[in-house]
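J.: Coordinates only, no sequence provided:
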């Protein structure tokens, strides 16, 4: 039933599960009444919200379906807002060209790591690098070529560190 609701994105009210072809009542349910509502916003399907065993052992009705549908819409909007917030936070913390963390994030994270190292008595390793003669390269081949180099360097750096390490573009050609 939930798969059908996900595929069609249409809410479903079943007052008697025995009347649905290829559906058998679940032994754990007290009633044969069931609600299934898609949790979707726009083109995105986040899941399906199901309800069974209405209090009082009476079947669900259209009012219940409307209520669950409103709840599912609210849940979908909450999920969408959380995803949007996470996306905006990611944009605020990353460099648009290289997709690496930016200078501001680097500074914040360095403070956190230094505090963690003090608290637990651990060391911190920091490697800073820049590209030799990058200005001359950029002047000779142009900024679009320089952008390609910066993106390639970012890819190499990310591939050379552990998942727990942080790679940031400090500024210009400094990483």
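T.: That came through fine. Worth saying up front: this structure is predicted, and the values here are computed from it rather than measured.

J.: And the helices in the protein?
T.: 2-8, 62-93, 103-120, 134-141, 143-160 (DSSP state H).

J.: in the third one, what counts as buried?
T.: Translated: helix 103-120. For helix 103-120, burial by neighbour count (16 or more other Cβ atoms under 10 Å) applies to 105-106. The way it works is simple: take the backbone N, C-alpha and C, and place the C-beta from them, glycine included.

J.: do the same with the fourth one
T.: Using 16+ other Cβ under 10 Å as the test for burial, helix 134-141 gives 134, 138.

J.: Compute the number of surrounding residues for the residue lying closest to residue 62 once chain neighbours are set aside.
T.: Nearest residue to residue 62, sequence neighbours excluded (Cβ to Cβ, 6 or more residues apart in numbering): residue 13, at 6.8 Å. A count of nearby residues for residue 13, using other Cβ atoms under 10 Å, gives 19.

J.: ok, what's across the strand from residue 13?
T.: Beta bridges link residue 13 to residue 35, judged by DSSP bridges.

J.: That one and residue 7, how far apart?
T.: 17 Å (Cβ to Cβ, to the nearest Å).

J.: for residue 158, same thing?
T.: As judged by Cβ to Cβ, residue 158 and residue 7 stand 38 Å apart.

J.: With residue 38 instead?
T.: From residue 38 across to residue 7, the span is 9 Å (Cβ to Cβ).

J.: more crowded one of those two?
T.: residue 38 (23 against 11).

J.: From what I see, that one and residue 9 are in contact.
T.: Yes. Using Cβ atoms under 8 Å, residue 38 is in contact with residue 9, at 4.6 Å.

J.: intersection of neighbour lists for those two?
T.: residue 45 (Cβ atoms under 8 Å, 6 or more residues apart in numbering).

J.: which other residues reach stretch 143-151?
T.: Residues from elsewhere that reach stretch 143-151, judged by Cβ under 8 Å, 6+ apart: 97-98, 131, 134, 137-138, 169, 173.

J.: how about 7 Å then?
T.: For stretch 143-151, contacts defined as Cβ atoms under 7 Å, 6 or more residues apart in numbering pick out 97-98, 134, 137-138, 173.
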